[in-house]
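1. Sequence first, predicted coordinates after that:
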Number of protein chains: 2
Amino acid sequence: MKNDEITLRSEDFAKWYTDVVSAAKLSSYSSVKGCTVLEPNGYAIWERMQSILDSMFKKSGHQNVYMPVLIPENLLKKEGELINGFAPECAWITEGGKNTLEERYAFRPTSETLFSDYYSKNVKTYRDLPKLYNQWCNVIRWEKETRPFLRSREFLWQEGHTAHSTSEEAEAETHRMLDTYKEFFEKYLAIPVITGKKTEKEKFAGAEYTLTIEALMQNGVSLQSATSHYFGQKFSRAYNIKFVNKDNEFDYAYQTSWGSSTRMIGALIMAHSDDRGLVLPPKIAPKQVVIIPVKNDEKLISICEHISESLESKGIISYIDYSDKSAGYKFAEAEVNGIPIRIEVGLRDLERNEITLVRRDNLEKQTINLNDVINAVMQQLDKMQEDMYNKALNNLNEKTYNAKNLDEVKEIMENHPGFVNAYWCGNEECELKMKEIKGTKSRCIIESEDYEEEKCVVCNKKAKHKVVWGIQY
Amino acid sequence: MKNDEITLRSEDFAKWYTDVVSAAKLSSYSSVKGCTVLEPNGYAIWERMQSILDSMFKKSGHQNVYMPVLIPENLLKKEGELINGFAPECAWITEGGKNTLEERYAFRPTSETLFSDYYSKNVKTYRDLPKLYNQWCNVIRWEKETRPFLRSREFLWQEGHTAHSTSEEAEAETHRMLDTYKEFFEKYLAIPVITGKKTEKEKFAGAEYTLTIEALMQNGVSLQSATSHYFGQKFSRAYNIKFVNKDNEFDYAYQTSWGSSTRMIGALIMAHSDDRGLVLPPKIAPKQVVIIPVKNDEKLISICEHISESLESKGIISYIDYSDKSAGYKFAEAEVNGIPIRIEVGLRDLERNEITLVRRDNLEKQTINLNDVINAVMQQLDKMQEDMYNKALNNLNEKTYNAKNLDEVKEIMENHPGFVNAYWCGNEECELKMKEIKGTKSRCIIESEDYEEEKCVVCNKKAKHKVVWGIQY
């Protein structure tokens, strides 16, 4: 079945995506070029994400702070690689009040500089460490092309910035936060991910190394979904974060940063939604159940209210659609909005003491006895979460390939793209050759060793890394 | 008793304030002129405020959204009064990436323009109304002088923006949100407030009228703490928010906006704290109870952990100070950080099956039997919240005066400032005369009628309004 507002995935995946976003009223274009409005339905998903991630961060001892959005140009320039990486996409504030500023400010593209500056003033001994800080904020990167959630000039994100007294502890933090993101994606967003290290070319400007989680969308395109960076002492030397260690000697702090953004909403949409619109996993859906009285009838409504209250007592978020629209219209609206479970309460069903339960992911209808509604809803929410994960995992497995040479890579990426496992010698030239195939890029290194048998997929020289490659958003 | 880090209130109130902020590590100066860092302890208070206000907003049907931070200059200029009010304090983005922009963007000082622009595209009939939107975000106003929480170039706030089909409904919303703020201040922050309408001179640029809540600090200085504006059709006409009403006629929407900011943290500090540092009402304190083992002893720590778990099961947020600092140091630190209740667990007390409970507001020590700890804590948290409100109310009542002429106003403001009730003719000239007395300004109009007997406190002509006056932050 097809929803008239929504292009079919098979016809035009990119158009389908923006249609799903519009139909579910998640986001809309604004009068500000390259910036979007996060509408109530979209922002509510972001709030769910924030609330879950925030409590995961806090459980592992992180604290929230807020740093200024303005970064003086000179402060930004202290770490050379960072400024080289970000300067081309910075927005600059050059006037304040009625005056031209003596020094221009960058609108933060990321906040390593301000956190490092803060740590340089507040870290004196190992007793001041670790600092495990995070902030939720807006950033700007002056992109040319924009797509809702995936790429826009301003976006919302969280950026963790930590400082440690040893490299071991900082590296453990880098991995721990990667695992946190992986858990969040798999458990809450029902999206399986692969994890690994970025290549030198793809790592974050200024990092020693970058770890990433990569997800595969329904159309086989991959999406970098969250990253965790190990900085070693690069920033602490540039910003002078010097402390006295346990041996009473001076050392520079070891730092990490890690971030995830509203882009995760894009991942959610492209991983799960269908030709009828948005599909949301129950654990991230802001509203889990809609209860629809098929007629505007007092008895029906009182049953609906009873069900809603019982669900609430079990911690399930439901709402009743009281509007004066037709039942069919309400069903379609619930579908397009991705409400995981729809309960239809009609007069004829009620005579048999029954209601109809419809799952959004598989559109299966079940007739449920009124006494079993709450249990059935709870079971189906769990089942749906599991089924959605498994479906996405099947997609990932089906679309993961091995390639031995460039022809094989080409055949895959041109006809049925996905993740391609292939060995690589480690040279950037070979990475650039891969890019000629529909923009294929290394997603992450999943293994590195001194391979005796394996050859680089491009140059056929001795391989250093096993890499997952993909076409990226 | 005196804390060495903290200036006495009686010596220098302004210095005392910044000392309390630093000692409690709420906020610190950054390398960005006019901007501060919200440190973990300060940000945690903001999170509590957000969480409570946000659920109050949602209960009354409001939804969160996010609008772009950039406002194109032409869009900002559409409503003349607003731009006149805000242009002198806007920060301007003039460069993006490597290019000079064709049109400069203001960093949002407030978002009436973007909400109105959005509504103009999304409101077509009365069925699309009301729109009850709110956003949590950062704003910039290019202030010259800055003080932590009270005034800084960038600050965090929430701004509600609503659109309605009738003026009655919009005016009711303006009052309802004022009442929401009042309830929040009185119930959670334990700060009594007065409410009323701003004079023409003091109202928000572009509003038909502005309602305000005003609080009185310990030193008799008043603080505008949150505002709620009625716009009528001023913005909807400028931005063309046109809709078909129930009578099938075109009309322009009726709008409101309302806001509160991190400035509330400043109010909290100046209303309650003392010469030993921060004092926080239990309902807003991020950590309500600290449990301190007087010695690093296994048995003591296991008792502490038992107490902490029991408190958690009652929804009370506690933590154990495990650090290797001396007990005296821990006590002082808990004081300076404003933890409402401190529980001291010592060996000698334990022999008698007792612990010591100390309330932060009055520093009273109580010996409590181990079996009664949880009840005692719950009782004392409630009592403390009530006592703090009553103390602040006493301060407000004691420092509220009536004045019949300028000499009386002068005597009060110069010697023992506070709120002064005085009649006023309604002319701006008389307001400006009042300002010559230590910057006294109208806080709000509390009554307006055709007074026969009452005279303006400045010009002695017939009074139109009963006004509360005060020296402002």
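-> Great, that's in hand. For clarity, every value in this text was computed on a predicted model and none was experimentally measured. Residues are numbered from 1 along each chain as shown, chains lettered A, B, ... in the order given.
2. Show the average pLDDT along the helix or strand containing residue A:394.
-> Here residue A:394 sits within helix A:373-398, counting by DSSP states H and E. Averaged across helix A:373-398, the pLDDT comes to 98.
3. from the middle of its chain, how far away would it be?
-> For helix A:373-398, the distance from its own C-alpha centre to the chain's C-alpha centre is 20 Å (C-alpha atoms, centre = their mean, to the nearest Å).
4. Do you have the helices of the stretch 301-450 of chain A handy? List them.
-> For the stretch 301-450 of chain A, the helices defined by DSSP state H, counting those that start in this stretch cover A:327-336, A:347-351, A:373-398, A:406-415, A:428-435.
5. Out of the ones you listed, the one nearest chain B is which?
-> Among the helices of the stretch 301-450 of chain A, helix A:327-336 comes nearest to chain B, with 13.2 Å by C-beta to the nearest C-beta. Every C-beta, even on glycine, is put in place using the N, C-alpha and C of the backbone.
6. ok, and what's touching the closest one?
-> For helix A:327-336, contacts defined as C-beta atoms under 8 Å, 6 or more residues apart in numbering or on different chains pick out A:3, A:5-6, A:23-24, A:276-278, A:290, A:292, A:294-295, A:321, A:323, A:325, A:342, A:344, A:346, A:358, A:360.
7. Any of the residues you listed buried? List them.
-> In the contacts of helix A:327-336, burial by neighbour count holds for A:3, A:6, A:23-24, A:276-278, A:290, A:292, A:294, A:321, A:342, A:344, A:346, A:358, A:360, counting by 16 or more other C-beta atoms under 10 Å in any protein chain shown.
8. List, one by one, the residues from the stretch 151-300 of chain A near chain B.
-> Counting by C-beta under 8 Å from any C-beta of the partner chain, the residues of the stretch 151-300 of chain A lying close to chain B are A:153, A:154, A:156.
9. And the first one, how close does it get to residue A:135?
-> Meaning residue A:153. Here residue A:153 is placed at a distance of 20 Å from residue A:135 (C-beta to C-beta, to the nearest Å).
10. for residue A:287, same thing?
-> Between residue A:287 and residue A:135 the computed distance is 28 Å (C-beta to C-beta).
11. Of the two, which one has the most company?
-> Here residue A:287 and residue A:135 are set side by side on neighbour count (other C-beta atoms under 10 Å in any protein chain shown), and the busier one is residue A:135, at 21 against 18.
12. doesn't residue A:66 make contact with the more buried one?
-> Yes - taking C-beta atoms under 8 Å as the definition, residue A:135 is a contact partner of residue A:66 at 5.6 Å.
13. doesn't residue A:25 make contact with residue A:41?
-> Yes - using C-beta under 8 Å, residue A:41 and residue A:25 qualify as a contacting pair, with a distance of 4.9 Å.
14. And these two? Which one has more around it.
-> When residue A:41 and residue A:25 are compared on other C-beta under 10 Å, the one with more neighbours turns out to be residue A:41, at 19 against 15.
15. Pull the contacting residues for the closest residue to residue A:234 other than its chain neighbours.
-> Setting aside the residues directly before and after it, residue A:234 is nearest to residue A:206 in space (C-beta to C-beta, 6 or more residues apart in numbering or on different chains), at 5.8 Å. Neighbouring residues of residue A:206 by C-beta under 8 Å, 6+ apart: A:79, A:81, A:82, A:85, A:112, A:231, A:234, A:235.
16. ok, and the most crowded of these?
-> Each of these was scored by neighbour count (other C-beta under 10 Å); the top score is that of residue A:235, with 30 neighbours.
17. name the element that residue belongs to?
-> Taking DSSP H and E as the criterion, residue A:235 maps to helix A:234-239.
18. quick one on the thing from earlier: need the overlap of contacts for residue A:41 and residue A:25.
-> With contacts taken as C-beta under 8 Å, 6+ apart, residue A:41 and residue A:25 have residue A:337 as neighbours in common.
19. distance of residue A:159 from residue A:265?
-> Separation of residue A:159 from residue A:265 (C-beta to C-beta): 17 Å.
20. could you check the distance from residue A:277 over to residue B:41?
-> Per C-beta to C-beta, residue A:277 is found 44 Å from residue B:41.
21. helix or strand for residue A:459, which one?
-> Secondary-structure assignment from DSSP H and E places residue A:459 in no helical or strand segment.
22. thinking again about what came up before, between residue A:159 and residue A:265, who's got more neighbours?
-> Applying other C-beta under 10 Å to residue A:159 and residue A:265 shows that residue A:265 carries more neighbours, namely 24 against 21.
23. Measure how buried the residue lying closest to the more buried one once chain neighbours are set aside is and give me the count.
-> Nearest non-adjacent residue to residue A:265, counting by C-beta to C-beta, 6+ apart: residue A:149, 4.6 Å away. Here the number of neighbours of residue A:149 (other C-beta under 10 Å) works out to 27.
24. Could you double-check that residue A:149 lies in contact with residue A:27?
-> Yes - between residue A:149 and residue A:27 there is a contact at 6.6 Å, judged by C-beta under 8 Å.
25. Quickly list what's touching both of those two.
-> Contact criterion C-beta under 8 Å, 6+ apart; residues bridging residue A:149 and residue A:27 by contacting each: A:21, A:36, A:42.
26. Surely the second one and residue A:147 touch.
-> Think residue A:36. No - the pair residue A:36 / residue A:147 is not scored as a contact, 9.2 Å apart, by C-beta under 8 Å.
27. picking that back up, show me what the helix holding residue A:394 packs onto, helices and strands only.
-> Other elements packing on helix A:373-398 under the criterion 3 or more C-beta pairs under 8 Å, 6 or more residues apart in numbering or on different chains; DSSP states H and E are helix A:263-272, helix A:298-313, strand A:341-345, strand A:354-359, strand A:365-369.
28. switch to 6 Å and redo it
-> Of the remaining helices and strands, those touching helix A:373-398 by 3 or more C-beta pairs under 6 Å, 6 or more residues apart in numbering or on different chains; DSSP states H and E are strand A:354-359.
29. hmm, back to that, so for residue A:36 and residue A:147, which sits in the more crowded spot?
-> Per other C-beta under 10 Å, whichever of residue A:36 and residue A:147 has more neighbours is residue A:36, with 25 against 16.
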